[in-house]
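Colleague: sequence? don't have it. structure:
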């Protein structure tokens, strides 16, 4: 079997399927989430580190991360 034609225009495909009464638009496809926006320069983010049972005896230090 050989391919003799290819229809890649969505509007044309929709018209053909509607004419054949088999068009079912259905729900919009779920797309994967995009990338997170970049972290702005100079912003800080507080991160707390708890090493384990030792952290229960004394409060764990808070480290500030800064993007330069």
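Modeller: That came in fine, so what should we check first? Keep in mind that this is a model prediction, so the values were computed, not measured.

Colleague: okay, and the residue nearest the centre of the chain sits in which element?
Modeller: Nearest to the mean C-alpha position of the chain, by Cα atoms, centre = their mean, lies residue 33 at 1.2 Å. Residue 33 is part of no helix or strand, with elements assigned from DSSP states H and E.

Colleague: residue 47 is in what secondary structure piece?
Modeller: Per DSSP H and E: strand 44-48 holds residue 47.

Colleague: ok, residue 37 to residue 45 distance?
Modeller: 14 Å (Cβ to Cβ, to the nearest Å). Where you see a C-beta, it was placed from the backbone N, CA and C, and this is true even at glycine.

Colleague: okay, residue 33: pLDDT?
Modeller: At residue 33, the pLDDT value in this model is 81.

Colleague: over to residue 16?
Modeller: Taking residue 16 on its own, its pLDDT is 94.

Colleague: give me the element it is part of.
Modeller: Using DSSP H and E, residue 16 falls within helix 10-19.

Colleague: more neighbours: which of residue 37 and residue 45?
Modeller: Shown here are residue 37 and residue 45; by other Cβ atoms under 10 Å, residue 45 has more neighbours (10 against 6).

Colleague: what residues are bridge-paired with that one?
Modeller: Counting by DSSP bridges, residue 45 is bridged to residue 65.

Colleague: distance-wise, check it relative to residue 38.
Modeller: With Cβ to Cβ as the criterion, residue 45 and residue 38 are 13 Å apart.

Colleague: can you check residue 5 too?
Modeller: When residue 5 is compared with residue 38 (using Cβ to Cβ), they lie 45 Å apart.

Colleague: more crowded one of the two?
Modeller: Using other Cβ under 10 Å as the criterion, residue 5 and residue 38 rank with residue 38 on top: 7 against 4.

Colleague: that one falls within a helix, correct?
Modeller: No. Residue 38 is assigned coil when assessed by DSSP: H, G, I helix; E, B strand; the rest coil, not a helix.

Colleague: who's in contact with it?
Modeller: Residue 38 makes no contacts at all, as judged by Cβ atoms under 8 Å, 6 or more residues apart in numbering.

Colleague: pLDDT at it, what is it?
Modeller: At residue 38, pLDDT is 80.
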